[in-house]
Structures are given as structure tokens and as C-alpha cells.
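Visitor: Just a sequence and a predicted model for now, questions to come.
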Amino acid sequence: MRKRAILAAAAAAAGALTVGGVAAAETPDPAVPVAADSPAAGTVTLPTGEAVTVAPDGTLAASGGLVASLTEDGDRIAVPLDAVDEVASGALDITEFNVDALLRGEVPEAPEEDVPAAAVDLTVSGTWLDGKAPSGIQISWVNLETGEQSGPDFFEGPTAVNSVEPGRYHVLTMLHKDLESEDNDVIAAIDEVEVGAEGTTVDVDGTAALPVGFDLDRDDAVQQGLNLDQISYEPGTLEGAWAGLMAFDDELFAIPSEGLEADRDAGFVLRQGYASPEGAAEAYGYNLFRVETDGIPADLTEVVHDDELARIDAAFQNRGVEIPMDRFDLVDHPLYEAWAWTDSGAVAQPSARTEFYTADPELTWSHKGTIGYEGMWIPYDEVYRTSGALEPGSQRSASWNDSPVSAGITDTSGQLDTSARFYRDDERGGVVFAPWLFSTQVGGESVWSDFHPGSSALSLDGELLYANTEGTDIGVALEDLGDGGRVSMTAASERDASWTPLGTASSGTWEFDYDPAANPILPVSVVAFDIAGYENGAVPAGTAQEVSLEFATQPGADDQACAAMTFEVSFDDGATWTEVAIDREGDTAAARLDIPADAAFGSVRFTAADENGGTVEHETIRSFGIG
């Protein structure tokens, strides 16, 4: 009787089985006579192929069994048992199972189907600033009536052909000057066009294009990089057409929009970086943001004055090697999310530079410096800082590479939903353990050392769940940890870096109680470590140095109060260790460290415990130099 119950439920859900104007009454047994004025006996074939026999006494019979009901006009509906689910779901039209209508020779009208219009060609052709043909065209489009969108699609040559249905469109175009040379300048354009039954051609006249960028107080600023989002979105959303461009010293041009009447956020989002020319008396950098949603404006070079921007006076130390740092910034907007860092030039280490940023309460800024980068899969360091929202006219300072190398659990890259390195990802599923072993935990800075050889292991209540003893994996990501328990996570790595003699080996072990229903930011900590006399990777030999320590729980976790802490130092790369007396008060401690006159490096080792039973032990060989 399950099939009949399904059909009855479908009838109720459809308003007493009202489908196409047919309403069901009670659901009689198909072997029981129905209306006395029913049509004459006979046999009909249902849409599913079953033959239904109507006896002279009005009973219905079929080989596979039926579920029957009556319309409000008294006609009999007979649905084969095997087709009940499809009728209930709407996959089959119940009106086609009207036995009496079939006996009368009535054929139910087929529902009208939307027949798509025949596709036609939307052709886009373009010319460059000098009237010559571009090397390639990138196209995105959105149908303003249906919302259908496509792209970005790339076409070599001066013409692009897209197959679309007739309708009204926004067409986003990027013309590329010369794909085979390093001089790959781009022209951006947005057109609103009506595509008729015969198709439409859009001519993008590059001779009308103007330079895109910023007019700065410092006339000699050199463009370093730009990220462009070309958009046509439903207002306040990211629904519609998009095209993206990331470039470095290439020039960007755009054609002011005309005739954009649709109610859409159409225009561009521009992130652009500049730096002082090589050899300038004063080093500086800019990283700026601009958004236009009322079409591409006629004023494409925005005037920006230094006193309207936020200023950061940045000092750059090194970690023992005078190697440049490549500087990038990430500006995030609550709607137009950043998808790439913007280059603002290389800086010498050590050096100082004045940096300017677009200031707006909606914008948040993160900063990155890359050291030793030679290509993917080759070890290098990325140094991260964050400024958050900046105020116009504000001024602050930042000191890069200003602390010894140690272990870290804070991510200030600005690209993750959480700044923690040990966390449960409830949205994507899984638990992540990702310490940064050649890092720091002081001065608002974190360092990520990528592609270094390493090992890691994770146990739950003494049972080994994961172990990696070779490769570059010093992190662990597991689908879940069941009902929880006592977690022990160990990571270790060694390296021989060309950009620093520091941090030749680093390791850490974290143990804590894991509760799958508790805070997703896990209760792990490190001992943050700093030396007063540290500069450019070293402290002076033969001196007494003030050392500050802090029991630092990773951001977002429940606060863990320090219950114990130890500090050891080695001046022979870990061959021997000496415990250093500390004066601890709560989560912070101070120590005096006598630096020998004949040592080259100092290594550090820490242990700590919190009041809830969590523990940490981490050590770094060659945490700081001595010179």
C-alpha cells in the first residue's frame, strides 16, 4: 500500500491532486465500479505503455496493478504502481492517466515548452591605440534579461566570435597589444548591446582609450603591478560577468563607457602598486584601490594626494644576508574580495621606505615580503604583517625582520578565514595542524617558510593517526578526530637557506585535550621570544642581553593561562644546552642572557604548560646570530 500512500500524499500536496486543472476526490479501489454514467467498456493505453481494461461493470484492470482516483468531474484516474513515484514528483503529468478521457478519444494537450531562440553570432572586433589590430581579445558577457553569463574566453587575433541567444547584453572586452612580447599592454571596454536575430558586431575602438592609473604627488613613481576586476554585476552582488587581469609593468588603458542603461554595478575594481625609481634619494611605495560601478568613467587617472592616504614608515632589517625583499600588499573589500597580492616593488635589506595606502573604513590591508624566491617548489620565506583598516592622514611605523627565528602559530597573511594555524574547519570539514617553524611570534609579524623538507606526526590517546617522515609536509590535515581525546602533534624541519644563516633546524611538540564540540580554534600556544639588542639577524658578542618571553595562545582560541615555563640556550648548535633563569609573572617572563664573545649563533629551547594541561616544547637551532 506504500505506492497508494505516495499518490495520496502527492494529491494532498497538489491541493487534492490538482494538476493541470484535475482535482482528485476519494481514492477508490480500481476493482470497484465507479460512476454509472462512465463511458462504454474498452481498453486504453497509458503513457507508460500499460494497457488498462474497462469492464462493462465499470471496473478497471491492468496486469501490473493500479492506483486510482477520481477527478472533480467524476473521471477515473488510473496510475500504474510502477509510475506512482514519477507522478508524485511531477516527472509524469497525471492528466495523461485519465482513463475516461482516453476512452472518449480526448488527447491531453501537451504543455507548452519554452523553445530557445536560435543561437546567433556576437562578434567583437577591436583596434589598438594606433589603429592597428590587437594580438588577442578576451571576452566576458552577461545576458541582461536572463542573467546567463560566459567567460572570460580568450581569442587570438583581432576578432572574437561568441554564440549567444538574441537579447540585450553587457560585453566586457580586453584587447591585448602583443602577446608574444613583454610589452603586453591592455585596453578594457564595456558595451551594452542588443543582439538581434541576425547577430551583432561590437567594434571596440581602441583609439578612444585613455590611460588608467593614479596621478600622485611624486611624479617619478614607477608602476610595479596592478590587479583589475572588470565587472557587470547585479547591484550589491557578485552575480554577472567578470574578467580579471594581473600585470606588472604593462600599461592599462580603458575606453569610457557610453550608453550603459541597465541597473547594474558595471565598471572595474583596480588595485595598483607603485615604487620609487631605482637610485631615488628617498625610497617610497604606494598601493592603491579604486572601484567604479557606474561604467568606465571619462576620468581614468585619479588624482591622489599623500595627505589623503595612510602612511606607514617601514624599516627593513635582514636575517644575516643583505638580500632584497619583494614587497606585496593585499587590500580586501567587503564585496569585491582580493584574489591576488599587488606588487609594490623590491626593497633593500637593511633599508627604510615610506609607504602609502588608500584609506577607507571598508578596506583592510595585509602586507607580505618575499625573500629568496626563485620559483615554485624551491624553498623561500614569506614575511607577513597586517594593518587592518587605515584612516586617511594616519601615520604609523613597522619594523620588518625585527625578531629572532623561532616557532609560530599565528597567520597574518590576510588570506584565511582564521588567523590560527591549529583549527577545526567546520565549514569545509577537517582539523588542521600547521605550525610555522622558522617564524616569529612578536612584533605583529609571522613568517612562512615554504617547501622545506620536514616531518610530522599526530596521535590521539596514544594511537598514531598520521606520520610523515620525509618530503615537505610539516603540517597535518585530518577529516575528523572522532569524539576527541588527548592530541599529540609533532613537527620538525631542517634547511640550508641562501638568504639567511638562521633557522637551520626547528621542531615543536604540542599536547592538549581536544573536544570536537568546543571552540574550533584549538588551545595551543608557543613561547614568544625576543632579545632587546637583536638587529639584522644578530646580537652583539660579549654582551648581556635582556630577553622577553610570553606564553602566547593562538588568536581566537580560549585563553590559556600559563602554569609553567622553561628556557634553555645553546651556543654550539644544540650539542649542549644550559637552562636560563627566568622571572615569570603570569603569562610573561624576563631573563638575562650572557652572550659569549666567541660564539657564532644562539639556539633556543622552550617548554610551557597551561592550567588546563596543555603543553608545548619547541626549539630552534641558530635562532639568532652573534656578531
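Guide: Great, that's in hand.

Visitor: Quick check: phi and psi at the residue nearest to Ser525 when sequence neighbours are not counted.
Guide: Among residues not flanking Ser525 along the chain, Thr553 sits closest, at 4.6 Å (C-beta to C-beta, 6 or more residues apart in numbering). All C-beta atoms are positioned from the backbone trio N, CA, C, and that covers glycine. Torsion angles at Thr553 (phi, psi; degrees, to the nearest 10) stand at phi -80, psi 140.

Visitor: doesn't Asp559 make contact with Thr553?
Guide: Yes - between Thr553 and Asp559 there is a contact under C-beta atoms under 8 Å: 6.1 Å.

Visitor: Tell me which of those two has more neighbours.
Guide: Thr553 (23 against 8; other C-beta atoms under 10 Å).

Visitor: Okay, and Ser397 sits in which element?
Guide: Element membership of Ser397, judged by DSSP states H and E, is strand 395-400.

Visitor: can you list contacts of that strand?
Guide: Identification of contacts with strand 395-400 by C-beta atoms under 8 Å, 6 or more residues apart in numbering yields 310-317, 325, 349, 367, 369, 383, 385, 387, 443-445.

Visitor: Take those residues and keep only those in strands.
Guide: Using DSSP state E, the subset of these located in strands is 310-316, 325, 367, 369, 383, 385, 387, 445.

Visitor: out of the residues you listed, which one sits closest to Thr237?
Guide: Ser387 (28.1 Å; C-beta to C-beta).

Visitor: Is it correct that that closest one is in contact with Lys368?
Guide: No - using C-beta under 8 Å, Ser387 makes no contact with Lys368, being 12.0 Å away.

Visitor: thinking again about what came up before, what about the helix or strand following the strand holding Ser397, distance to the chain center?
Guide: Following strand 395-400 in sequence order, the next helix or strand is strand 406-408 (DSSP H and E). The chain centroid and the centroid of strand 406-408 are separated by 26 Å under C-alpha atoms, centre = their mean, to the nearest Å.

Visitor: now whatever helix or strand comes next after strand 406-408: how far from the chain's centre is it?
Guide: The first helix or strand that comes after strand 406-408 along the chain, using DSSP H and E, is strand 422-424. On the basis of C-alpha atoms, centre = their mean, strand 422-424 sits 18 Å off its chain's mean C-alpha point.

Visitor: How about Gln349, nearest residue that isn't a chain neighbour?
Guide: In space, and not counting its chain neighbours, Gln349 is closest to Asn318: 3.8 Å by C-beta to C-beta, 6+ apart.

Visitor: quick one: low-confidence parts of the stretch 401-550 of the chain?
Guide: Counting by pLDDT under 70, the stretch 401-550 of the chain has low-confidence residues at 416-417.

Visitor: Quick check on Ala88: phi, psi?
Guide: Dihedral angles of Ala88 (phi, psi; degrees, to the nearest 10) stand at phi -60, psi -30.

Visitor: should've said Trp341
Guide: phi -80, psi 150.

Visitor: Also Arg218?
Guide: The phi/psi pair for Arg218 (degrees, to the nearest 10) reads phi -100, psi 110.

Visitor: thought it was touching Tyr284?
Guide: Yes - with contact defined as C-beta under 8 Å, Arg218 counts as touching Tyr284 (6.5 Å).

Visitor: which one of the two has more residues nearby?
Guide: Tyr284 (21 against 16).

Visitor: who touches the more buried one in this structure?
Guide: Applying C-beta under 8 Å, 6+ apart, we find Tyr284 in contact with Arg218, Ala221, Ala275, Ser276, Arg353, Thr354, Glu355, Phe356.

Visitor: Show me what it bridges to in the sheet.
Guide: Counting by DSSP bridges, Tyr284 forms beta bridges with Thr354.

Visitor: And the one 5 residues further on, by the same measure?
Guide: Note on Phe289: beta-bridge partners by DSSP bridges are Arg271.

Visitor: hmm, back to that, show the contacting residues for the residue nearest to Gln349.
Guide: Per C-beta under 8 Å, 6+ apart, neighbours of Asn318: Gln349, Pro350, Asn401, Thr500, Asn536, Gly537.

Visitor: per-residue confidence at it?
Guide: With respect to pLDDT, Asn318 scores 97.

Visitor: go on, the one 3 residues further on?
Guide: The score at Val321 is 97. That number is its pLDDT.

Visitor: can you check the one 3 residues further on too?
Guide: The pLDDT attached to Pro324 in the predicted structure is 96.

Visitor: The residue nearest to it when sequence neighbours are not counted: what secondary structure?
Guide: Nearest residue to Pro324 in three dimensions, chain neighbours excluded: Ala346, at 4.5 Å (C-beta to C-beta, 6+ apart). Three-state call for Ala346 (DSSP: H, G, I helix; E, B strand; the rest coil): strand.

Visitor: Likewise for Gly482?
Guide: Put simply, Gly482 is coil when judged by three-state DSSP.

Visitor: Could I get the contacting residues of it?
Guide: The contact partners of Gly482, by C-beta under 8 Å, 6+ apart, come to Leu460, Pro516.

Visitor: mind pulling up the phi and psi values for it?
Guide: Main-chain dihedrals, Gly482, degrees, to the nearest 10: phi 60, psi -130.

Visitor: got it, and the one 3 residues further on?
Guide: Gly485 adopts backbone torsions of phi 150, psi -160, taken as degrees, to the nearest 10.
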